[in-house]
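Asks: Give me a 3D structure for the following:
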Amino acid sequence: MRVLIIDDEENIRRTTSALLEGMDHEVVAVGDGASALKQLDHARFDVAFLDLKLGEQNGLDLLPELLKNTEHLDVIAFTAFASFETAVEAMRRGASDYIPKPFTPEQIRQALARLVKTRKLQGRVAELESRMSGSTPETDLTTNEPAMQRVFDVAFKAAAMPTNVLLLGESGTGKSVLARAIHENSPQRDNAFVTVSCPSLSKELLESELFGHVKGSFTGAVGETWGKVARADGGTLFLDEIGELPPEIQPKLLRLLQEKEYERVGEAKSRRANVRVIAATNQNLEKAVKEGRFREDLFYRVNVIALHMPSLRERKADLLRIASAYLRFSATQCRKKIKGFSPAAEQALTQYAWPGNLRELRNVIERAVILGEGEYIEPADFPDKLSHPTRSERTDALPLGGNLSLEELENEHIRQVLREAPTLEGAAQILGIDTATLYRKRKKLGL
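Replies: Prediction:
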């Protein structure tokens, strides 16, 4: 933590600083209230040790000033003039704890330990309140599919150990849900679960979000941050879509995994963080390694336990049960009394291939609840692609070896590649043909 010591006695500042630095905290010590407020204007601190007798200044009067407009600061008061009344008054004005002078190193350690424990409990309560607010459906970790059950079995065995886990599978299969479940069944469950979305930011901003930065380290760095690695210390760092991690950041992540060390952007000082890493990707990382887009040594570090999440079309025995759970959740959110799906609606759900997996299923169910007007969801409440799926959108899509001509197979393959590729040029590259040829084929198909 970053600690601010406010005491007018130089000897107290020196000995307390040495004690806290020996506990791996970063310390700034000042002798008066004005200097303390100046420090808080320019930097973020986690805790302040405040002497309640600062020469002619009353520390009790300074206490509210320290807390005003200062997010996440806890103040621990200490004084040689200890009494029950001053302790009560200090707590009333916002102090988190109280230590009488002279104090021992053990009293400092215990005060910080109480502070850490309180913060963990506050974080846990905030997380539970967020879940109970109804923003997301209740997590369901039961299955009727043997392949999915094997994934759960290995995941919860791995949860008990601090080993790194790599979750593989298509987008929307529930990798982030499983990552959180692993955390909640691990020894790290009382500490933070911190998510970093690797493709969401530029290289510079992603590095800052991961490791933090100091003031002035890049354009726009008007203050300093600690980064998500520091927040996840003692807990779990979930790296979503790690296959998109820029090459420049990969060696820094490797260092964190191997040595538990990292540096903030613009700072030469090495810091330590003990984090358990769970990574997820929908890419083929082995192929990325061969193509030079992903470091081989980093791949082996994150790939200690690899779990492949089955797609929704591979979980036919679970589909209607999951859909019914989404239906109950959405109906409650929309305050609608819907009993379930009609037989025709169930058939539409089961014959669709669900390329977007669980994420797409939830969106479809939510839409159906909003548009539905009867006691049961009907096919008319679904998007047209469910009511009238193309061959590629059915669970029996592209039956290789079946009663289909090569032309039919080629046409369906071209349709699917065009649907998923971001550009025509990208689709042509996937298909192995030039853009002009693909343009003619697309025109022939009426696309």
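Asks: For the spatially most central residue of the chain, which non-adjacent residue is closest in space?
Replies: In the chain, the residue lying closest to the centroid (C-alpha atoms, centre = their mean) is Thr195, at 1.5 Å. Nearest residue to Thr195, sequence neighbours excluded (C-beta to C-beta, 6 or more residues apart in numbering): Phe238, at 4.7 Å. C-beta: built from backbone N, CA, C; applies to glycine.
Asks: got it, and Thr163?
Replies: Nearest non-adjacent residue to Thr163 (C-beta to C-beta, 6+ apart): Val304, at 4.8 Å.
Asks: same check, this time on Lys316
Replies: For Lys316, ignoring the flanking residues on the chain, the nearest one in space by C-beta to C-beta, 6+ apart is Thr350 at 6.8 Å.
Asks: Just the element for that neighbour, please.
Replies: helix 343-351 (DSSP states H and E).
Asks: what about the helix or strand containing Asp297, average pLDDT?
Replies: Using DSSP H and E, Asp297 falls within helix 296-302. Across helix 296-302, pLDDT averages out at 95.
Asks: can I assume Gln195 sits in a strand?
Replies: For the record, residue 195 is Thr, not Gln. Yes: applying DSSP: H, G, I helix; E, B strand; the rest coil, one finds Thr195 inside a strand.
Asks: Show the model's pLDDT score for the residue sitting furthest away from the middle of the chain.
Replies: Most distant residue from the mean C-alpha position of the chain: Glu56, 48.0 Å away (C-alpha atoms, centre = their mean). Turning to Glu56, the model gives it a pLDDT of 78.
Asks: Over to Gly123?
Replies: Model confidence at Gly123, expressed as pLDDT, equals 69.
Asks: ok, now the one 10 residues further on?
Replies: At Ser133, the predicted lDDT confidence score is 50.
Asks: likewise Ala348?
Replies: 92.
Asks: Tell me how many other residues crowd it.
Replies: Ala348: 23 surrounding residues under other C-beta atoms under 10 Å.
Asks: That one and Phe382, how far apart?
Replies: Counting by C-beta to C-beta, to the nearest Å, the gap from Ala348 to Phe382 is 6 Å.
Asks: What of Val369?
Replies: For Val369, the distance to Phe382 equals 11 Å [C-beta to C-beta].
Asks: Poorly predicted segments of the stretch 151-300 of the chain, please.
Replies: 219-222 (pLDDT under 70).
Asks: mind running it again at 90?
Replies: Scanning the stretch 151-300 of the chain for pLDDT under 90 picks out 189-192, 199-205, 212-227, 230-231, 233-234, 264-272.
Asks: Could you pull out the strands in it for me?
Replies: 165-168, 193-197, 236-240, 261-262, 271-272, 276-281 (DSSP state E, counting those that start in this stretch).
Asks: Same question for the stretch 301-447 of the chain.
Replies: Taking DSSP E, counting those that start in this stretch as the criterion, the stretch 301-447 of the chain carries its strands at 305-308, 340-341, 376-377.
Asks: Give me the distance from the host helix or strand of Leu40 to the chain's centre.
Replies: Assessed by DSSP H and E, Leu40 sits inside helix 33-42. With C-alpha atoms, centre = their mean, to the nearest Å as the basis, helix 33-42 stands 33 Å off its chain's centre.
Asks: and what of stretch 23-39?
Replies: 32 Å.
Asks: before we move on, what about stretch 417-435?
Replies: 32 Å.
Asks: Endpoints of it, how far apart?
Replies: End-to-end distance for stretch 417-435, by C-alpha to C-alpha, to the nearest Å: 13 Å.
Asks: do stretch 228-244 as well
Replies: 18 Å.
Asks: Next up, the contacts around Leu256.
Replies: Taking C-beta atoms under 8 Å, 6 or more residues apart in numbering, we find Leu256 in contact with Val229, Tyr262, Ala273, Val275.
Asks: do the same with Gly235
Replies: Contacts of Gly235 (C-beta under 8 Å, 6+ apart): His183, Gln188, Asn191, Ala192, Phe193, Val194, Val275, Arg276.
Asks: wouldn't the first one be in contact with Val194 here?
Replies: Translated: His183. No: in this structure His183 lies outside contact range of Val194 using C-beta atoms under 8 Å: 9.7 Å.
Asks: okay, and the common contacts of the two?
Replies: Residues touching both His183 and Val194 by C-beta under 8 Å, 6+ apart: Gly235, Thr236, Phe238.
Asks: could these go into JSON lines alongside distance to Glu224?
Replies: Converted to JSON lines, those look like this (distance: C-beta to C-beta, whole Å):
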{"residue": "Gly235", "distance to Glu224": "22"}
{"residue": "Thr236", "distance to Glu224": "24"}
{"residue": "Phe238", "distance to Glu224": "24"}
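Asks: Let me know the closest of these to Val151.
Replies: Closest approach to Val151 among these (C-beta to C-beta): Phe238, at 16.8 Å.
Asks: Dig out what the closest one forms beta bridges with.
Replies: Phe238 forms beta bridges with Thr195, Ile278, as assigned by DSSP bridges.
Asks: Just give me the neighbour total for it.
Replies: Phe238 has 26 nearby residues by other C-beta under 10 Å.
Asks: re the thing from before, could you check how far the residue nearest to the centre of the chain is from Met309?
Replies: 17 Å.
Asks: and what of Gly22?
Replies: 45 Å.
Asks: Compare those two and say which one has the larger neighbour count.
Replies: Neighbours per residue, other C-beta under 10 Å: of Gly22 and Met309, the larger number sits with Met309, 25 against 9.
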